[in-house]
Structure formats: structure tokens, C-alpha cells
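>>> below are the sequence and a predicted model; questions follow.
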Amino acid sequence: MDRVIFHCDLNSFYASVELLSHPELRHLPVAVCGDPSSRHGIILAKNEPAKSFGVKTAETLWQAKRKCPNLVLLPAHHGLYRDFSRKVNSLYNEYTDLVEPFGIDESWLDVTGTLHLFGGDPCALARRLRDEVRGRFGLTISVGVSFNKVFAKLGSDYKKPDATTAITRENFRTVIWPLPITDMLYVGRAAARTFQKFGVDTIGDLAAFNRERLFSLLGKNGVQLHDFACGEDRSPVAPAGQYTPPKSIGNGYTFPRDLQGRDEIKAGIAQLADQVATRLRKHGMMCQGVSLAIRNPAFQDLSRQTRLNPPTDLARELTQAAMSLADSCWNMSSPVRALTVTAIYLLPAGEAGTQLDLFSSGRDEKRRRLERLENTLDTIRAKYGPGSIAPASAPRDPGLDRCAAPPGGRG
């Protein structure tokens, strides 16, 4: 028997929460934005009237205002969003104990074992959930109903706001396959560019593509995406409260002023790498790769990634790898507006074995000293706060010492 999976997506979440306190603005185009004074002046969320003007998430305020001169801007309150997210997920737990959050505003629910308690009709239960969320919290959700997680996610994206879309074994070829490949979960920009080089523009194109050839192009990830397109996602919905290891851990920051020169760029990378390494250790993970994204003042992005051997959770090794990427792809005389360092290809620390050789004893001892040092930093931060101590390579500029993970980040 097929599973019954819901994907519930809170519509225009940040903006919808803010409008609970400003009902007089509901009919106007409204956006929630970051703090312009610290150069975080980008659109974080927008309501439906703003969307009708073409306002997009992550664009700058001046870009949004150019499209919609009467756009009302509201500041973000991230603690409030987290509170609403917890309350909504508690509601989902009343229907099933298999609730897996996906970011702050989305969750998967597996209602296969409890559906009979609520009438047995998946779409009727989805409507009931929508009514409950609206009645209790004044928010709306879109719900995708399907037999796997990937198609349920595509269903919730298919029609918004406040809608239910069922993706079944009978209709997924006509509903899902015409969608652009970029709509597929886990298809990033790099994968999309690779697919498009080979004429894969839609999810249906991906399903029809030769599976073995995909392996040669994208490895196991390509084969997995092919299976997703064919409806063969079998990943479970994690039980409510169960720890789900992250797939990547990254920190990004828009600096209060542009970084100039290699020393400042390295200082910014070192600060971000230190925070990423701390979070890796907190999760008991090590990374087999690192990704670096660089944004210039014109909002043009450049990203590169590399594999690491052996795997690491050490800030110094992440910094060295990220700086090697920066040296290989960036003109150090060009200013940098923002940086993002991401640990990728994660695995549990206990599985990260290293291959030894006759000449490795000196390197191993140095690595053990680094491990002891960074574990000591973790202990001090746990006791006195995250800003209590930093590596000697950390930036001295007061504008660079506030690097933090972006609010609502999934890593």
C-alpha cells in the first residue's frame, strides 16, 4: 500500500506573521526586510500583493522599490517566527507523530497510519489542516498530498496560497513532468546547468534520461535525482523530535563594508570557517568537502567547491581549503560584499576514518593538537558565550566580527 505524505508550507510566512499585527496593511504590497544599516537590506518575504508586482525574495530593497514604489517595508522578528513555527508543528503532531520540519516554515507529515482516524480521505484531511491553521493562528498553508516526500513538496509548491494539490501515481506524469527541472527538490544551480547542457529542461526530461549516463555525469546524486523524477523516492518522514543530521552546514555574511585585499578576505573566511567548524563538532559531523561563495558589490555571485581528504571538522583546515578556492577564482584586488563558507559531503565523525602512511606521524600529532585546541575553544564558548574567544586569525575590524548564520538557515 502506498504511503500518504503531506508537505505543509506556510504561505509568505514572515510577512503573514507580521501582518497579524498590522491587519490594516493586508490589502497593500508588504515585504519583510533585513536591516539596511548593516547592509542586510534585502527582501526576506513578501505578501501576495507584493508578489503581483514581481517582488522577489533575496533581491535588494532598491530593486523591489523600483518594481513597486509603494511597497511597505517591515522589520523582521525572527524569534516570533520561531515561536509560530513551533506552535504550528505542535498542531501537526495532533494528527501524526511522523512530523519532519524542513526549515522554519515547511514540514512533512506521514499520515499513513493515522488517516483512518480522520475519515480516510487525504484531501479532506489536508483541507481540515488548512482550516485549523487558519483558525488557530490566522495563517494559511499550502498542502501537497502524495505517496512520497519529493512529490508532496512539489505539490505544495504547485498552487499557492491556501491550496491542496494531490500528486498521485495516476497523474504525476501529467502534473509533475512538464515542470522545469529547477523545481525539483535538491536540484541546485550547478546541477541545473549540467542538465541543461544535455537537453534536460523539465522533470520529465530527467525521468527519460539514461540512468547510467546520469551516474557518469553527476555520480550517485544524479541517479537519485532520476529516481525522484520517476516517483521512486522512498525516504521516510522522521518521527517528531527525532534528530535529523544536516546535509550541509554553512554560514554566510554580508559585511558592513566591502572587504578589500587578500588579508581582509582571509579574515572573513576564517571567521565563517570557525563558526562552521564549531557547528560541525556540535552535530558530531565531519565534512568531505567545502564550498565557497563570493558576492561582489554588484550582487554578482561566484561559487566554487572542492573535496577534502581526510574529512575534517577543524576551522584551520576549512579556512585553508576555502582560501585555496578564493585564490584560484577571485581577483584579490576586487572588493567583496559577502562570503559564504559551507561544509558539504557530511558524515558522522565516527565514520570519518583516515588512511595512514609511514610519513604521517608528524602530521597526525599536529592534527591532534589542533583538535585539542578547537575542543577547548568549544568548552570556553559553551561556558562564556560564542563571542568569548576566537582564533588568532579572526578579523580585528569590528565590522567583521558579527558574522553569523543567516536567520532561518537549514544547515
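That came in fine, so what should we check first? All of these numbers come straight from a predicted model, not from anything done at the bench.
>>> only C-alpha atoms for contact and neighbour calcs from this point on.
OK.
>>> and Gly119, how far is that from Leu125?
For Gly119, the distance to Leu125 under the criterion C-alpha to C-alpha, to the nearest Å works out to 8 Å.
>>> which of those two has more neighbours?
For Gly119 against Leu125, the residue with the higher neighbour count under other C-alpha atoms under 10 Å is Leu125, and the figures read 18 against 10.
>>> just say helix, strand or coil for that one.
Per DSSP: H, G, I helix; E, B strand; the rest coil, the secondary structure class of Leu125 is helix.
>>> quick one: the strands in the stretch 51-200 of the chain?
Read by DSSP state E, counting those that start in this stretch, the stretch 51-200 of the chain holds these strands, from start to end of the chain: 72-75, 99-101, 106-110, 141-146, 164-166.
>>> just name the most buried of those strands.
Highest mean neighbour count among the strands of the stretch 51-200 of the chain (mean count of other C-alpha atoms under 10 Å): strand 141-146, with a mean of 30.
>>> how far off centre is that one?
20 Å (C-alpha atoms, centre = their mean, to the nearest Å).
>>> try stretch 81-101
Its chain's C-alpha centre lies 19 Å from the corresponding centre of stretch 81-101 when counted by C-alpha atoms, centre = their mean.
>>> next one: stretch 153-167
Using C-alpha atoms, centre = their mean, the offset of stretch 153-167 from its chain centre is 20 Å.
>>> restrict that stretch to CA atoms and write it as PDB.
Only the C-alpha atoms of stretch 153-167 are listed here, as PDB (Å, rounded to 0.1, in the frame of the first residue of the first chain):
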ATOM      1  CA  LYS A 153       6.900  19.000  -1.800                       C
ATOM      2  CA  LEU A 154       6.200  19.700  -5.500                       C
ATOM      3  CA  GLY A 155       2.500  19.500  -4.700                       C
ATOM      4  CA  SER A 156       2.700  22.200  -2.000                       C
ATOM      5  CA  ASP A 157       4.700  24.400  -4.500                       C
ATOM      6  CA  TYR A 158       2.200  23.800  -7.300                       C
ATOM      7  CA  LYS A 159      -0.600  26.000  -6.200                       C
ATOM      8  CA  LYS A 160      -0.400  28.800  -3.600                       C
ATOM      9  CA  PRO A 161      -1.700  30.300  -1.400                       C
ATOM     10  CA  ASP A 162      -4.100  28.200   0.800                       C
ATOM     11  CA  ALA A 163      -4.400  25.300  -1.600                       C
ATOM     12  CA  THR A 164      -4.300  21.500  -1.700                       C
ATOM     13  CA  THR A 165      -2.700  19.700  -4.600                       C
ATOM     14  CA  ALA A 166      -2.700  15.900  -4.800                       C
ATOM     15  CA  ILE A 167       0.100  14.200  -6.800                       C
END
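>>> flag the shaky bits of this protein, pLDDT-wise.
Counting by pLDDT under 70, the chain contains low-confidence ranges at 36-40, 351-411.
>>> break it into its domains for me.
13-78, 177-229, 249-352 (automatic domain parsing).
>>> just say which of those is most tucked in.
Scoring the domains of the chain by mean count of other C-alpha under 10 Å, the most buried comes out as domain 249-352, with a mean of 20.
>>> Ser90: which of the domains of the chain is closest?
domain 13-78 (16.6 Å; C-alpha to C-alpha).
>>> just the CA atoms of stretch 222-240, as CSV, please.
These are the backbone C-alpha positions of stretch 222-240, laid out as CSV (Å, rounded to 0.1, in the frame of the first residue of the first chain):
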residue,chain,number,x,y,z
GLY,A,222,22.4,12.1,-10.5
VAL,A,223,20.9,8.6,-10.1
GLN,A,224,19.0,9.7,-7.0
LEU,A,225,17.5,12.7,-8.8
HIS,A,226,16.5,10.4,-11.7
ASP,A,227,14.7,8.1,-9.2
PHE,A,228,13.0,11.1,-7.7
ALA,A,229,11.7,12.2,-11.1
CYS,A,230,10.3,8.7,-11.7
GLY,A,231,8.4,8.7,-8.4
GLU,A,232,10.8,6.3,-6.6
ASP,A,233,11.6,8.4,-3.5
ARG,A,234,11.4,6.1,-0.5
SER,A,235,12.9,8.3,2.1
PRO,A,236,11.0,8.2,5.4
VAL,A,237,9.4,11.0,7.3
ALA,A,238,11.4,11.3,10.6
PRO,A,239,9.4,10.9,13.8
ALA,A,240,8.6,14.2,15.6
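>>> mind checking how far it is from the chain centre?
Averaging C-alpha coordinates over stretch 222-240 and over its chain gives two centres that are 18 Å apart (C-alpha atoms, centre = their mean).
>>> can you tell me what sits against stretch 17-27?
In this structure, residues lying in contact with stretch 17-27 by C-alpha atoms under 8 Å, 6 or more residues apart in numbering are Val32, Pro49, Leu74, Tyr81, Gly138, Leu139.
>>> is Thr165 in contact with Phe151, as I believe?
No - with contacts counted by C-alpha atoms under 8 Å, Thr165 stays clear of Phe151, the gap being 10.2 Å.
>>> what touches both of those two?
When C-alpha under 8 Å, 6+ apart defines a contact, the residues bordering Thr165 and Phe151 alike are Gly144, Val145.
>>> returning to that earlier point: for Asn171, find the nearest of the domains of the chain.
Taking C-alpha to C-alpha, domain 177-229 is the member of these nearest to Asn171, at 9.8 Å.
>>> and the closest one, how far apart are its ends?
With C-alpha to C-alpha, one end of domain 177-229 sits 8 Å from the other.
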